[in-house]
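Asker: Structure of the sequence below:
(chains A and B)
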Amino acid sequence: EIVLRQLPVTLSVSPGERVTLFCRASRSISRNLAWYRQKPGQAPRLLIYGASTRATGVPARFSGSGSGTEFTFTISSLQSDDFAVYYCQQYDNWPLTFGGGTKVEIK
Amino acid sequence: EVQLVQSGAEVKKPGESLKISCKGSGYTFTSYWIGWVRQMPGKGLEWVAIMYPGDSEIRYSPSFQGHVTISADKSISTAYLQWSSLKAPDAAMYYCVRVFGSALMWFDYWGQGTLVTVSS
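Answerer: You can find the predicted model right below:
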């Protein structure tokens, strides 16, 4: 099973700041990685797939990069809507697995 | 508009059976894999199982294989997740997900969630 480690676990940020989250895979997953945002009390929403492709309707302030075992997810200017938990998910190997999440909270 | 509408919250006792549902609309139900993701209270996301309604192919996470059963009724575009004997650790929010892709799979649409409470 591929283990995804997300860092940091928690991040305190002010609105308008740039945020970068990290996801590390236990072995290479090529670019087969997705990112999701889960706002409190809501279901997750797909933001990025293929490591860097924004899903339909996702604002341009969200971006992803990386390949192999190291991936980053960036929010260029944090909006109030973005205070949430972010998860990465790999789909290179079975079983499909998620990282433990990064909580982005208000500073 | 793609929608996944799940059945309501359930309160069950350990040992009881349960079947929760997810109705898909706004897309061709038999052309996409559909599945379930678990989120235990205050915890992260865990993939449970997926199914292709077109040919009934199923894949389970090893962590859940043998403990849950995924099924679908394509005549009413509805997927199900069932337990024959609930245990306390089954208490969680269960999200229905539509899968994008066939060989490489991610979850492009999510239902609103079904909260399962297991308590004696």
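
Asker: C-alpha from now on. contacts and neighbour counts both.
Answerer: OK.

Asker: Now do the same for the residue most central in space within chain A: its pLDDT.
Answerer: The structure's chain A has its C-alpha centroid closest to residue A:35; by C-alpha atoms, centre = their mean the separation is 3.9 Å. Reported pLDDT at residue A:35 in the predicted model: 98.

Asker: again with residue B:101
Answerer: At residue B:101, pLDDT is 84.

Asker: Over to residue A:107?
Answerer: What the model reports for residue A:107 is a pLDDT of 86.

Asker: Please report how far it lies from residue A:72.
Answerer: Distance, residue A:107 to residue A:72, by C-alpha to C-alpha, to the nearest Å: 21 Å.

Asker: Have a look at those two and say which one is more surrounded.
Answerer: Taking neighbours as other C-alpha atoms under 10 Å in any protein chain shown, residue A:107 and residue A:72 compare with residue A:72 leading, 20 against 8.

Asker: Tell me who's in contact with the more buried one.
Answerer: Taking C-alpha atoms under 8 Å, 6 or more residues apart in numbering or on different chains, we find residue A:72 in contact with A:20, A:21, A:22, A:23, A:64, A:65, A:66.

Asker: Pull up the residues of chain A that are close to chain B.
Answerer: By C-alpha under 8 Å from any C-alpha of the partner chain, the residues of chain A that approach chain B are A:32, A:34, A:42-46, A:49, A:89, A:91-92, A:94-101.

Asker: Pick the one among the contacts of residue A:72 closest to chain B.
Answerer: residue A:23 (14.4 Å; C-alpha to the nearest C-alpha).

Asker: quick one: residue A:88 and residue A:99 touch, right?
Answerer: Yes. With contact defined as C-alpha atoms under 8 Å, residue A:88 reaches residue A:99; the gap is 5.3 Å.

Asker: And the two? Which one has more around it.
Answerer: residue A:88 (32 against 23).

Asker: wait, what's in contact with the more buried one?
Answerer: A:4, A:6, A:23, A:33, A:34, A:35, A:36, A:98, A:99, A:101.

Asker: what's the answer for residue A:23, then?
Answerer: By C-alpha under 8 Å, 6+ apart, the neighbours of residue A:23 are A:4, A:5, A:6, A:7, A:70, A:71, A:72, A:88, A:99.
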